[in-house]
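1. generate a structure from the sequence data that follows.
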Amino acid sequence: MSKPGPTFLPEVYKLSLTAKDRKGSLEIQGQKLGPPNKRITLNQKGLKIVGARIIYSQKNKKVEHQVTRINHLPSREEVRLHTNSPLYPGSYQIDLEFSPADVQALAKLAGKDVEDINLRSFIPSFDRVEAKKNVRLEIEG
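-> Numbering: from 1, shown residues only. Just a heads-up that it's a prediction; the model follows:
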């Protein structure tokens, strides 16, 4: 039996770091695939997501879906963002506030090929091979 395909294909990860406060802000732009559902699942390992927004881009307008619950699943190395409204296929922006485990190591990822990095240890991400092709990681801060 084959594994289901990815449910989200990221295009850009935009990361802002504040070393002094040990905080990270992450914007992920990409395409949600598959049938409508009420959650987005990201990979993470030892990170604490403290805030999230999901924004759907449709033609000339943006629709924000309220994240009603952030569910950390350490044994699965996942975090799930739940909404009350269905998330349909299309273009999305996911904004996350989180506490990185090692800010200095994270800052050194700038310019590295995303396919060669175990992203879940550094930032909430979509860690499947298909979801890491042609992705840019932009770091500021």
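
2. wait, what's in contact with the residue positioned nearest the centre of the chain?
-> With distances taken as C-alpha atoms, centre = their mean, residue 125 lies nearest the centre of the chain, 4.2 Å away. Listed by C-beta atoms under 8 Å, 6 or more residues apart in numbering, the contact partners of residue 125 are 10, 13, 28, 42-44, 119. Yep, even glycine has a C-beta here, placed from its N, CA and C like the rest.

3. tell me what it is bridged to.
-> Beta-bridge pairing of residue 125 under DSSP bridges involves residue 43.

4. just the buried subset of the contacts of residue 125, please.
-> Using 16 or more other C-beta atoms under 10 Å as the burial test, the contacts of residue 125 include 10, 13, 28, 42-44, 119 as buried.

5. nearest to residue 53, of those?
-> Taking C-beta to C-beta as the measure, residue 53 lies nearest residue 28 of these, at 10.9 Å.

6. check which helix or strand covers the residue nearest to the closest one when sequence neighbours are not counted.
-> Excluding the flanking residues, the one nearest residue 28 by C-beta to C-beta, 6 or more residues apart in numbering is residue 94, at 4.4 Å. Assessed by DSSP states H and E, residue 94 sits inside strand 90-99.

7. buried residues in that strand, which are they?
-> 92-96, 98.

8. same question, stretch 72-89
-> 77-83, 87.

9. the residues you listed in helices, which ones?
-> Secondary structure from DSSP state H places none of these in helices.

10. out of these, which is nearest to residue 53?
-> residue 81 (9.1 Å).
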